[in-house]
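1. Quick one: sequence and predicted model below, then my questions.
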Amino acid sequence: PAKTTGETVSHVSSLSCAVISAALEFKQCRDRWDKNTGNYAYHFEQSFKPGEISPAEAHECGRELAQALWGDEFQVVIGTHLDKDHIHNHFAVCAVSVKDGHKLQTDHAFIRRMRAENDRICQEHNLSVITEPKKSGGKSYAEWLIAKNGGFTWRGQIRDDIDSLLPQV
């Protein structure tokens, strides 16, 4: 409830589950198919250019994206947030299909499909589409999280060594 109510949330809806009981329904789906290891759920975001879209239209775009990617096969909660300078949607997606119990695959092909569907929906709504994505810097999420918490990674050490040597070369 803390993530789906309040002044910073404008719209909340769901696919294949009820918003109020989504966490319980996600668990029931995992239990039904005996899929209680690995990822239980996934979190995705969809952001829009500041000032370009209303909260209601942003939420509709989010619903369209959720339907295109997960349809009635996965349980999804969609929340439109206003807590940043840009309107954005959050998607909480159960990792297990309600139809046949297979786990959601979030590989590079899925991410490319997600971007293509998002771009299609934004173009249909006459919204901006990113044509030149920023480079991520080559860090995996795990490495980014370790660095954010002040931890050590070998790749980070090598990167620091190279950066310190470049002025001398």
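-> Good, I have the coordinates. What you are looking at is a predicted structure, and each value in this text was computed from that prediction instead of being measured. Residues are numbered from 1 along each chain as shown.

2. what helix or strand does the residue positioned nearest the centre of the chain sit in?
-> Residue closest to the mean C-alpha point of the chain, counted by CA atoms, centre = their mean, is residue 44 at 0.7 Å. Per DSSP states H and E: residue 44 is located in strand 41-47.

3. If you count contacts, what does that strand end up packed against?
-> The contact analysis (3 or more CB pairs under 8 Å, 6 or more residues apart in numbering; DSSP states H and E) places strand 41-47 against helix 55-70, strand 88-94. For the C-beta atoms, the positions are set from N, CA and C on the backbone; glycine is no exception.

4. Kindly recompute the last result at 6 Å.
-> Packed against strand 41-47, as judged by 3 or more CB pairs under 6 Å, 6 or more residues apart in numbering; DSSP states H and E, are the following elements: strand 88-94.

5. about what we covered before: so for the residue nearest to the centre of the chain, what's the nearest residue that isn't a sequence neighbour?
-> residue 91 (4.4 Å; CB to CB, 6 or more residues apart in numbering).

6. now do residue 59
-> Per CB to CB, 6+ apart, closest to residue 59 is residue 11, 3.8 Å.

7. ok, now residue 46?
-> residue 89 is the one closest to residue 46 (CB to CB, 6+ apart), at 4.3 Å.

8. quick one: contacts for that neighbour?
-> Residues near residue 89 by CB atoms under 6 Å, 6 or more residues apart in numbering: 46, 62, 78, 80.

9. re the thing from before, what lines up beside the strand holding residue 44 in the sheet?
-> Strand 41-47 has the following sheet partners, assigned by DSSP bridges: strand 88-94 (antiparallel).

10. from the chain's centre, how far out does the strand it pairs with sit?
-> Computed by CA atoms, centre = their mean, to the nearest Å, the chain-centroid distance of strand 88-94 equals 6 Å.

11. Relative to residue 64, how far out is residue 118?
-> From residue 118 over to residue 64 the distance is 9 Å, taken as CB to CB, to the nearest Å.

12. Tell me the confidence at residue 111?
-> For residue 111, the pLDDT comes out at 92.

13. what's around it, how many residues?
-> Per other CB atoms under 10 Å, the neighbour tally for residue 111 reads 11.
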